[in-house]
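Asks: next one to model:
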Amino acid sequence: MTSNPDNSYVVSIEENKEILEIVCSPNLKHVAALHENNDISLWSITSQEKSLTNVKTIHIDNIRTKEKRFEISENKYVSIRKIFAISDIKQGSISHDRTNSYNFKIFDFETEQEIKLTFPDWQKEIDFLSFIENGDIIMVNIKYYRAYVFSSKGKDNLTWDCKSMIELQYFSQIYITPKGKLILFNDTIYEITMWDIEILSVKARVLIEWLHTLKHIEISDNEALLVVCAEYKSSKETNLYVCSTETGINLSSLTAKFVIDRFHLIASNKGERLLIHYINISGKYTISLMDPYDLKNPINANKLFENKQIQEQYIIKSDKIIYTNDGKVFIEQLVDDNWVEYLRKELKDTNRITTLSKMPIDLITKIIEESSYDPPHSDEFVGRFLRWGLELDDKSVILTVVDFNYRTNKWNPDDKKRQLDILPSFYADVKNYIIHCEVLENDDLIAITRIGVFIWTYNKLCGVKMHYYWNDWDNRLEEFIFDKSKFKSLLTDRTPGRILPFSSYETIRRNSDIEFGEGKALLFKQFLENNINEVFYLTCYGKNLMRALIKLKDDKWIRLLGKSCIDKCVKDNNFLISKISLLNIIFENFKVLSENHPAFIASALSLLGFVIPFNIVIPNSTSSHLSKYGGYYHLSKTSYFDILTSILWVHWISFQKRFQNKLQNFQNSHPFLNSIVKRVIDFYNVGHSTTVLAIPLPNFVSYPKDYNFWEELLLPKPNPFVYLNNIEKINEEFYRYLNGEALLNFKWNTSWNFVDLVAIIFATATSINWLKNGSAPTWAITFSVLFLEIRFILFFRANKFFGIYLAMIMKTVDKVISFLIIFGLFILALAHSLHLLIGSEPEISQGNSNFIIAEIELLYMLPHQRRKENWFPYVIFYECHVIKLRDHAMDIQKDKWSGYIKPYISKNLSETLLLPVEQPSLKKIEDDIEELRNYQRRLVAI
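Replies: Take a look at the predicted model:
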């Protein structure tokens with residue numbers, strides 16, 4: 001890219017026209033503004049003044065703005081080129097007409113020189129460009145689905161080298177985060193993935209409901225929360241999804257009828273809120289604040305902007321708002337230091353504040369290190385909108401709370417006081433039970449007691465309730481003796497994070513029968529029930545709770561937790577694909593649950609056997625029965641082969657378009673011939689009506705992202721699919737469903753195709769060379785026979801007689817020995833290759849379970865290959881012929897199912913297959929009659 005001095009020049013500041021667009025640098029040092037007359041102005045944020053200083057303005061000819069790209073996806077998503085950007089070192093980029101073969105320009109504001117770039121693949125066109133926090137430049141070309149990362153080479157920052165090229169394979173929308181992550185939307189399976197392009201690994205993913213259109217994505221300043229907005233045009237519904245990039249679970253969701261214009265995550269470290277600009281049902285433009293962990297009870301936030309003369313162009317970043325007015329750029333602090341107080345007093349926001357700036361763990365550490373443990377000197381603890389109190393007598397410790405009334409601007413009277421007796425029945429020393437109490441920033445009360453640390457919270461619906469409890473005694477609390485030195489271990493593994501650490505679930509479960517107060521309330525049991533049933537606890541701490549229950553081998557509570565996870569995935573008798581991440585709580589512990597709680601796993605599989613994303617039928621599909629649906633992609637470094645194939649692919653697409661245009665013209669000009677051809681095509685049409693099903697088992701076929709290479713190479717750890725073969729009952733139950741057969745088809749049509757491919761290509765090439773020259777090298781014949789022998793041995797995977805024997809070997813013998821056995825079989829095949837008769841491929845019954853594929857998967861592949869997202873996806877979707885699926889479902893309705901439990905058939909599946917309406921069972925009729933009688937009794941009592 002060469003410099004073009006005639007294309008740009010400095011202009012006076014007074015000539016600036018209306019501002020069309022503004023962008024800010026990654027670390028909020030500079031702002032660049034694009035004016036309607038093709039001027040670009042640079043504004044400095046180094047000072048503390050509200051009005052920014054215009055450092056320099058330059059003019060660039062032939063600037064292109066809001067240029068649309070339609071070919072980005074198969075569903076014709078419209079994408080607008082985003083190249084206008086500014087760096088922290090005053091370098092800008094802009095899209096313009098291709099005068100020098102490049103469709104963009106990068107320039108330095110200070111030197112007014114053009115930045116020189118050289119693309120390794122001779123690329124001259126990009127569609128997305130972003131400067132990131134570490135100083136690099138990330139660019140994306142949507143024609144070739146390729147990303148480029150450039151870094152500065154010289155001290156003058158005028159020469160840049162491409163340090164990596166990445167194959168993106170496919171996406172319909174893309175976002176580049178300030179920290180250099182790529183967020184890709186795959187509209188073939190409605191999956192959003194956030195990629196770390198340094199290590200080429202998925203950091204987070206969000207599944208949205210099918211047939212929804214992705215509108216926008218926002219990420220918090222620390223990139224810990226991801227918010228997705230999707231729209232379903234048929235019902236005019238808008239969905240918001242909030243996902244944790246740390247846990248990968250959808251934390252909360254919102255379905256609304258109003259139109260969301262913009263949204264932002266603010267106050268990440270002070271009291272996080274989701275700021276939403278939307279048009280309500282009455283047509284009024286409204287600004288609201290919501291807790292991103294619980295998208296309920298929106299609070300009017302118009303007051304935040306009432307003194308700001310903001311026009312159309314504005315940016316919210318790092319809790320500041322940058323906006324334009326009359327051709328000038330301004331910056332203001334949107335979130336003050338006393339943000340929580342502002343929320344409570346000014347905006348009347350009493351919603352929970354989940355993320356705290358002052359961590360309670362620091363407070364606990366401070367209390368533990370104090371020399372004395374005297375009871376609290378005060379019985380009242382006042383927060384911003386809650387006033388807590390302690391009332392002690394000889395037999396009880398009463399915790400009271402009164403909330404602030406913002407209508408009267410006074411505390412509510414004592415007759416509206418809510419209270420709870422928090423003294424355990426076994427503890428007699430009432431006066432010394434409480435060690436210390438203090439109100440946190442979010443108005444929760446932390447209480448350090450002689451049996452552990454409690455955090456109490458309050459809301460108007462349920463009153464005072466236990467929010468957290470920590471004590472690593474893991475035994476009966478009657479035997480617990482409070483000791484300062486031992487209590488320090490409580491904090492060992494509980495480092496401060498985004499949200500508070502999980503509670504001591506093992507201790508809570510062991511003591512769930514303890515009664516509190518004269519009312520004999522089972523507070524620990526209620527706490528467990530809340531953690532199982534409430535979405536916040538389930539999404540944030542469900543995995544920790546499941547591990548604790550598994551350790552205790554508590555089948556009852558494991559079933560309750562698992563049922564809650566599945567119930568949250570069902571709404572109106574239909575499965576919610578966006579909630580499938582909750583099932584990871586169950587299936588990440590598949591091994592131990594299958595061993596110790598097989599009935600629970602079998603029950604879960606029955607409920608998840610026929611999950612249909614949407615009641616959609618694909619007419620005349622040429623896909624085979626139970627073949628994979630959609631695309632599954634893995635990012636990789638670009639090779640020369642990728643460059644070659646991408647060029648050939650683009651030419652092939654161009655040829656297809658030209659051919660289709662000519663064919664269309666021919667059809668239009670020869671309607672009679674076209675009608676004949678159409679009849680012939682319809683006569684020989686072999687298409688089927690199909691629908692799409694999901695295997696809703698998150699990470700069931702995936703391997704952990706974090707691993708040690710040598711340990712993984714020598715002693716690979718199985719995933720749930722691999723371990724499935726070791727549990728005979730669960731294995732049989734899993735393969736009763738279409739999911740099992742579809743999963744085997746997926747595997748043998750992805751990674752395992754390479755086994756057949758190598759064998760066939762190598763043997764074919766050797767045969768051609770042999771026929772042409774009359775002879776072939778000995779090594780070529782030997783390896784051809786070897787690969788064919790390996791392929792022949794793999795055919796035995798579907799034979800139950802051999803499969804069971806091999807599975808027994810793999811199950812009972814050490815992994816290294818099993819590797820030697822398999823390796824020995826390959827050597828034996830080579831030694832006798834000239835004496836074995838290689839027959840044609842036998843008929844393989846897909847009904848038989850695949851016994852050997854799992855072990856080959858562990859021993860054949862390298863560790864990094866087992867992390868490929870396209871081979872081992874998060875969730876798998878597959879096509880199913882409607883006729884065959886309907887026969888399957890009809891057998892279930894006629895009670896011909898031979899599995900553990902009759903599978904669940906959703907409303908969408910029933911409508912898709914046009915199943916007859918099942919008559920209610922006698923028990924259901926009796927329950928309905930009893931419910932009506934109870935309702936009648938209540939009416940009579942009134």
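
Asks: and the contacts of stretch 321-340?
Replies: For stretch 321-340, the external contacting residues (C-beta atoms under 8 Å, 6 or more residues apart in numbering) are 16-19, 22, 24, 31, 33, 35, 41, 43, 45, 50-52, 54, 266-267, 270-271, 304, 308-311, 313-316, 319-320, 342, 353, 384, 441-442. For every residue, glycine as well, the C-beta is placed using N, CA and C.

Asks: just the ones of the residues you listed in strands?
Replies: Members of these lying in strands (criterion: DSSP state E): 19, 22, 24, 31, 33, 35, 41, 43, 54, 266, 314-316, 320.

Asks: any chance of a PyMOL selection covering the buried ones in the contacts of stretch 321-340?
Replies: Selection command for PyMOL covering only the buried members of the contacts of stretch 321-340, criterion 16 or more other C-beta atoms under 10 Å:
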select buried, resi 16+19+22+24+31+33+35+41+43+45+52+54+266+267+270+271+304+313+314+315+316+319+320+342+353+384+441+442
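
Asks: relative to the whole chain's centre, how far out is the longest helix seen in the chain?
Replies: Secondary structure of the chain per DSSP state H: the longest helix is helix 640-669. Helix 640-669 sits 35 Å away from the centroid of its parent chain (C-alpha atoms, centre = their mean, to the nearest Å).

Asks: list the buried residues for it?
Replies: 642-643, 646.

Asks: am I right that Lys215 is in contact with Asp261?
Replies: No: applying C-beta atoms under 8 Å, one finds Lys215 not in contact with Asp261, separated by 9.9 Å.

Asks: how about the helix or strand that Glu595 is a member of: buried residues?
Replies: Glu595 is located in helix 590-596, with elements delineated by DSSP states H and E. When burial is assessed from 16+ other C-beta under 10 Å, helix 590-596 yields the following buried residues: 590-591, 593-594.

Asks: which residues touch it?
Replies: 550, 553, 558, 586, 600-601, 700, 718, 720, 723-724, 727, 730.

Asks: ranges for the strands of the stretch 201-350 of the chain?
Replies: For the stretch 201-350 of the chain, the strands defined by DSSP state E, counting those that start in this stretch cover 201-207, 213-219, 225-232, 237-244, 250-256, 259-266, 273-279, 285-291, 294-300, 314-317, 320-325, 328-333.

Asks: what packs against the fifth one?
Replies: Read that as strand 250-256. strand 237-244, strand 294-300, helix 535-552 (3 or more C-beta pairs under 8 Å, 6 or more residues apart in numbering; DSSP states H and E).

Asks: show me the residue at the heart of the protein, geometrically.
Replies: Against the mean C-alpha coordinate of the chain, by C-alpha atoms, centre = their mean, the closest residue is Arg205 at 2.4 Å.

Asks: before we move on, the earlier item: need the ones in strands among the contacts of stretch 321-340 in TSV with distance to Leu885 and pLDDT, can you?
Replies: TSV is the format used below for the ones in strands among the contacts of stretch 321-340 (distance: C-beta to C-beta, whole Å; pLDDT from 0 to 100):
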residue	distance to Leu885	pLDDT
Ile19	57	87
Ile22	53	93
Cys24	52	94
Val31	56	94
Ala33	57	92
His35	59	89
Ser41	61	92
Trp43	61	92
Asn54	65	87
Ile266	47	93
Tyr314	51	87
Ile315	50	91
Ile316	48	91
Lys320	54	90
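
Asks: closest one of the residues you listed to Glu506?
Replies: Proximity of the ones in strands among the contacts of stretch 321-340 to Glu506 (C-beta to C-beta) peaks at Ile266, which lies at 37.0 Å.

Asks: list the contacts for Lys543?
Replies: By C-beta under 8 Å, 6+ apart, the contact list for Lys543 reads 247, 584-585, 588.

Asks: can you tell me how far the closest residue to Ile322 other than its chain neighbours is from Ser93?
Replies: Among residues not flanking Ile322 along the chain, Ile315 sits closest, at 4.5 Å (C-beta to C-beta, 6 or more residues apart in numbering). For Ile315, the distance to Ser93 equals 17 Å [C-beta to C-beta, to the nearest Å].

Asks: many thanks, I have nothing further to ask.
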